[in-house]
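Novice: give me a 3D structure for the following:
(chains A and B, ligands or ions: 2)
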Amino acid sequence: MNKNAKAVEIAKDIHWVGAFDPDLRVFDLILKTANGTTYNAYVVRGSEGVAVIDTVKEEFSDAFFERLEQVVAYEDITAVILNHLEPDHVGAAPELMRRAPQARIYVSNRGLKLLNATLKDELEMYAYTLTNDGDQVSLGDRTLTFVHTPYLHWPETKCTWVEDEKILFSCDVFGSHFCDERLYNDLVGDFRFSFEYYFKHIMRPFKRFVLEAMDKIEPLEPALIAPSHGPILRDHPMEYVRSYRSLSASRLPNEMEGKEKSLLIFYMSAYGATADMARSVYEGASDVDGVRVSLYDLQGGETDPFVDLIEEADCLVFGSPTINGDAVKPVWDVLASLISIETKGKFGAAFGSYGWSGEAVPMIEDRLRGLKMRVPEKGVRIKFHPTEQELEDCTAFGRSIAETLCGKAKPKVVDFADL
Amino acid sequence: MAKGKLTFGDIDVSVNVPAGTRVIEVSEKVGAGIIYGCREGDCGTCLMSVDEGIENLSEPSALEDKVLKENMAGKDMRLACQAQVIGEGETIVKPA
Ligand SMILES: Cc1cc2nc3c(=O)[nH]c(=O)nc-3n(C[C@H](O)[C@H](O)[C@H](O)COP(=O)(O)O)c2cc1C
Ligand code: FES
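Specialist: Residues are numbered from 1 along each chain as shown, chains lettered A, B, ... in the order given. Ligands and ions are numbered 1, 2, ... in the order given. Have a look, this model is predicted:
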């Protein structure tokens, strides 16, 4: 329990009532936090109502309620605004509703199922409103406006805008896992790496949506951005908005300017069989105009730069031998790392040499489909070293993928029974 | 048995399918770009646009209708995990 928990007034009648978690070292399984994080929650008071915006992770409820009670009586709370229903923000929400059952809950229209899952049977005891982009809640002399930011980073995420103070309660947007009790970006330690690291792990797969959200947020020109993790951005807040825009831009601008499609082939090979196949696939794909083809031996590269390349590519082809009934680890390392980028809709394919069971190719194909990629061409598998004829099959395979990629493939008709 | 022709516009593959086949059963096999989440008409992930032959698909259930509305889907959009091919003509679909 935090004995010295004090609410902090961040603007007139607007308080921070969050919690500090300095000991956390790994967040959501995928992020490291060198000095912990904060769960930021806020209270906004108007002449005719009080809104609580977000709560904290459940274990930190005590500090949250202690701060909350310093600035508002439970019976005066009129609105509980849940910008995002991830457990680190709604952990204390069920208890908050038990203490302030008269308050109306506001979640975005896509959040109902998550609200249900958060409050379970208790939901029926409370009033709630599903919000649309631009909807408002009046607190008398103050109005809150909801700015929907879907997929930053869950489907239901939204921000809450307080016009009179030009404050954006941005939830996970512009957040960072950085714990420093001085709270404000101009007072805390250097957290720039945390801000970018957070973007890279949480927002990067949703760049497209980030750009749409920035189109809504930029014109507001917030004077202060109050995210749900890490420092409150009061000094040069627009720099952080611009930073989100530049982090969402293409990491590797290239010469093709969208005129060509890019097809990347990655392979590994112990005895050279899969490597021979890779070269033939490469030659076949290179025959097709309008495609820029690249060939990489995974043994000669690190995963991260390949992930950057893949983010910009249109088609990925993986070659792996089957080793102990599986594709090899460097292939899986790349495939597992694609969680941080958008892969949906890219084309994919697999090939590989094998000895007797040949699981690698179908396993890679399953993973590509799992990444929501299109896998229209059945992978090529060859027993041991390919013959001349088999290499030609690989060339045809490469050509066919490249043709499908740029829409030049002949339409195919198949029977359901043959699939 | 009646067969319909189900064409995936994004990869130019057509499949002759028996009546009653759900689009999801075919799109996954041919590697089309339609994607799936819940697979039971809940999440709206599998939204597809039907460019031709929407009359060859089963009528949306009340559940599907609700999800379509939530996702502000146009008249020519369906959920691939719900829609079944019922007619004999050609139906052309692609990811929404
Ligand atoms: C960064 C992040 C991304 C998530 N993405 C998804 C998702 O795409 N689909 C989904 O159904 N749930 C998603 N979730 C929700 C988790 O699956 C859910 O919170 C689950 O209850 C966590 O289980 P655990 O307690 O075993 O970690 C995501 C959660 C986090 C933290
Ligand atoms: S996959 Fe969820 S609605 Fe179809």
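Novice: only C-alpha atoms for contact and neighbour calcs from this point on.
Specialist: OK.
Novice: which residues of chain B lie near ligand 2?
Specialist: Applying CA under 6 Å from any ligand atom, we find that chain B lies next to ligand 2 at B:36-46, B:79-81.
Novice: of these, which is the most crowded?
Specialist: The member of the residues of chain B next to ligand 2 surrounded by the most neighbours (other CA atoms under 10 Å in any protein chain shown) is residue B:79, with 32 neighbours in all.
Novice: look up which residues are beta-bridged to residue 14.
Specialist: Answering for chain A, as no chain was given. In this entry, residue A:14 is beta-bridged to residue A:11, residue A:44, by DSSP bridges.
Novice: not quite, go with chain B.
Specialist: Under the criterion DSSP bridges, residue B:14 forms beta bridges with residue A:413, residue B:7.
Novice: show me where the stretch 201-350 of chain A has helices.
Specialist: All helices of the stretch 201-350 of chain A, identified by DSSP state H, counting those that start in this stretch, fall at A:207-217, A:237-248, A:273-286, A:303-312, A:329-337.
Novice: ok so, going back, give me the subset of the residues of chain B next to ligand 2 touching chain A.
Specialist: Restricting the residues of chain B next to ligand 2 to those near chain A by CA under 8 Å from any CA of the partner chain leaves residue B:36.
Novice: just the residues of chain B next to ligand 2: which has the poorest pLDDT?
Specialist: Lowest pLDDT within the residues of chain B next to ligand 2 is found at residue B:37 (80).
Novice: tell me the secondary structure at that residue.
Specialist: coil (DSSP: H, G, I helix; E, B strand; the rest coil).
Novice: could you check the distance from it over to residue A:114?
Specialist: As judged by CA to CA, to the nearest Å, residue B:37 and residue A:114 stand 16 Å apart.
Novice: ditto for residue A:81
Specialist: To residue A:114, residue A:81 is 14 Å away according to CA to CA.
Novice: do the same with residue A:12
Specialist: Shown here: residue A:12 relative to residue A:114, a distance of 32 Å by CA to CA.
Novice: next: residue A:84.
Specialist: With CA to CA as the criterion, residue A:84 and residue A:114 are 9 Å apart.
Novice: compare residue A:81 and residue A:114 (neighbour count), which wins?
Specialist: More crowded of residue A:81 and residue A:114, by other CA under 10 Å: residue A:81, with 28 against 15.
Novice: quick one: residues contacting that one.
Specialist: A:51, A:52, A:53, A:54, A:105, A:106, A:107 (CA atoms under 8 Å, 6 or more residues apart in numbering or on different chains).
Novice: could you give the number of residues near the third one?
Specialist: Residues contacting residue A:53 under the criterion other CA under 10 Å number 24.
Novice: how about the first one?
Specialist: Other residues within reach of residue A:51 by the criterion other CA under 10 Å amount to 25.
Novice: who's it bridged to?
Specialist: residue A:44, residue A:79.
Novice: pretty sure it contacts residue A:80?
Specialist: Yes: look at residue A:51 against residue A:80 with CA atoms under 8 Å: they come within range, at 5.7 Å.
Novice: for the lengthiest helix in chain A, packing partners?
Specialist: Using DSSP state H, we find that the single longest helix of chain A is helix A:388-405. Judged by 3 or more CA pairs under 8 Å, 6 or more residues apart in numbering or on different chains; DSSP states H and E, helix A:388-405 is in contact with helix A:273-286, strand A:380-383.
Novice: return the most buried member of these.
Specialist: helix A:273-286 (a mean of 24; mean count of other CA atoms under 10 Å in any protein chain shown).
Novice: what mean pLDDT does that helix get?
Specialist: Helix A:273-286 comes out at a mean pLDDT of 98.
Novice: where does the prediction get shaky in chain B?
Specialist: Residue ranges of chain B with pLDDT under 70: B:1.
Novice: spell out which parts of it neighbour chain A.
Specialist: By the rule CA under 8 Å from any CA, the part of chain B lying against chain A is B:11-18, B:26, B:29-36.
Novice: out of these, which are buried?
Specialist: Buried members of the residues of chain B next to chain A, counted by 16 or more other CA atoms under 10 Å in any protein chain shown: B:11-18, B:26, B:30-36.
Novice: where does chain A have low pLDDT?
Specialist: Residue ranges of chain A with pLDDT under 70: A:1-3.
Novice: ok, 50 please
Specialist: For chain A, applying pLDDT under 50 flags the ranges A:1.
Novice: near chain B, which residues of it are found?
Specialist: Listed as neighbours of chain B in chain A under the rule CA under 8 Å from any CA: A:344-345, A:369, A:372-377, A:404, A:407, A:409-416, A:419.
Novice: just want the residue of the stretch 151-300 of chain A that's nearest ligand 2.
Specialist: Nearest to ligand 2 in the stretch 151-300 of chain A, going by CA to the nearest ligand atom, is residue A:155, at a distance of 13.2 Å.
Novice: hmm, that residue is touching residue A:110, no?
Specialist: Yes: the pair residue A:155 / residue A:110 is scored as a contact, 6.6 Å apart, by CA under 8 Å.
Novice: quick one: which of these two has more around it?
Specialist: Higher neighbour count among residue A:155 and residue A:110: residue A:110, with 19 against 16, using other CA under 10 Å.
Novice: please, where are all the strands along the stretch 101-250 of chain A?
Specialist: Ranges of strands within the stretch 101-250 of chain A are A:104-108, A:128-131, A:136-138, A:143-148, A:158-162, A:167-171, A:224-227, based on DSSP state E, counting those that start in this stretch.
Novice: please save the CA atoms from the longest one in PDB.
Specialist: Taking only C-alpha atoms (Å, rounded to 0.1, in the frame of the first residue of the first chain), the coordinates of strand A:143-148 have been written out as PDB:
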ATOM      1  CA  THR A 143     -17.400  19.000 -22.200                       C
ATOM      2  CA  LEU A 144     -15.600  15.800 -23.000                       C
ATOM      3  CA  THR A 145     -15.400  14.700 -26.600                       C
ATOM      4  CA  PHE A 146     -14.500  11.100 -27.600                       C
ATOM      5  CA  VAL A 147     -11.900  10.700 -30.300                       C
ATOM      6  CA  HIS A 148     -12.000   7.100 -31.500                       C
END
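Novice: how about it: buried residues?
Specialist: Neighbour counts over strand A:143-148 (16+ other CA under 10 Å) mark A:144, A:145, A:146, A:147, A:148 as buried.
Novice: which one of the residues you listed is nearest to chain B?
Specialist: The closest of the buried residues of strand A:143-148 to chain B turns out to be residue A:148 (CA to the nearest CA; 14.3 Å).
Novice: what sits closest to the closest one if chain neighbours are left out?
Specialist: Of all residues not flanking residue A:148 in the chain, residue A:158 sits nearest, at 4.2 Å (CA to CA, 6 or more residues apart in numbering or on different chains).
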